[in-house]
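Undergrad: Structure for the following, please:
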Amino acid sequence: MTRCPILATVRIPGWVLVLVWATAWSVAAPGAAWSGTIKGTVRLTGPTVESRKLAVTTDQYVCGKEKDSEDLVLSPGRGIRNVVVWLQTPPAGAKWEAPLPAVQMDQKQCMFAPRVVVMPVGGTIEFLNNDRLLHNLHSRGPSENPGFNRTQPKGRTIPIVFRKPEILRVDCDLHPWMRAWVVVAQHPFYAVTGDQGEFTLNNVPPGRYTLEVWQEILGTVSQDIAVSEAPVTTMTVEMGPK
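TA: Take a look at the predicted model:
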């Protein structure tokens, strides 16, 4: 299993890498003699959206009095953070390499961090709690995987394995403003946008692809892209309120 910084350029014949936050995982991709990079930005279209504040109703000595909602985080250039981007159909032969890396999601000052994670099918997510109070983990939404509702004291790590692909929501019933998303990915060609709405998919073989783009309140959009033999293919994806 190899790890590399998100902005590093990696060319390894016969392998494919996907970037999720600050970690890249290697995957088998037989026959990919040459590959390029897709770099893009996801931007908001339409009227300006004002950020919302959420009232903190309990445990203010740790949590404070209010929180940013974080359900739609924009850069000054209207780039959207925490958008999940993936190839609808990956290159032939692409698969997760074993052993699968564990993914972590923490709870800090009564917020999940990060808000969105991508993890491999069959892999483990480790939920952490670095707050000096009790939280709980309650899954919502689709039911491809078994649901869970577990209390989590400070300092305890709760590992959970997901065996089927889906996007599911995680809440804390004790602190109702807390929300996070776990994306269980069938293949490694996934990325989560950064602060400016930017994303990178490395080592994509030439061909035509459809990108699926998902954001928690804007839904899903699709966009076609052709990857040629140029080193980098750039694109902009626009999303707006439904």
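Undergrad: List the contacts of the residue of the chain positioned farthest from its centre.
TA: The C-alpha centroid of the chain is most remote from residue 61, which lies 30.2 Å away (Cα atoms, centre = their mean). By Cβ atoms under 8 Å, 6 or more residues apart in numbering, no residues touch residue 61. C-beta here means a position set from N, CA and C on the backbone, and glycine is covered the same way.
Undergrad: tell me how far whichever strand or helix holds it is from the chain's mean position?
TA: Assigned by DSSP states H and E, residue 61 belongs to helix 60-63. Chain-centre distance of helix 60-63: 27 Å, with Cα atoms, centre = their mean, to the nearest Å.
Undergrad: Tell me the helix or strand right after that helix.
TA: Criterion used, DSSP H and E; the element after helix 60-63 is strand 66-68.
Undergrad: Only the buried residues of that following strand, if you could.
TA: Across strand 66-68, burial judged by 16 or more other Cβ atoms under 10 Å covers residue 67.
Undergrad: Low-confidence ranges, this protein, go.
TA: 1-34 (pLDDT under 70).
Undergrad: before we move on, what SS does the residue nearest to residue 176 when sequence neighbours are not counted have?
TA: Spatial nearest neighbour of residue 176, chain neighbours left out: residue 57 (7.5 Å); criterion: Cβ to Cβ, 6 or more residues apart in numbering. For residue 57, the assignment made with DSSP: H, G, I helix; E, B strand; the rest coil gives coil.
Undergrad: neighbours around residue 57, how many?
TA: 11 (other Cβ atoms under 10 Å).
Undergrad: Could you report the distance from it to residue 66?
TA: 10 Å (Cβ to Cβ, to the nearest Å).
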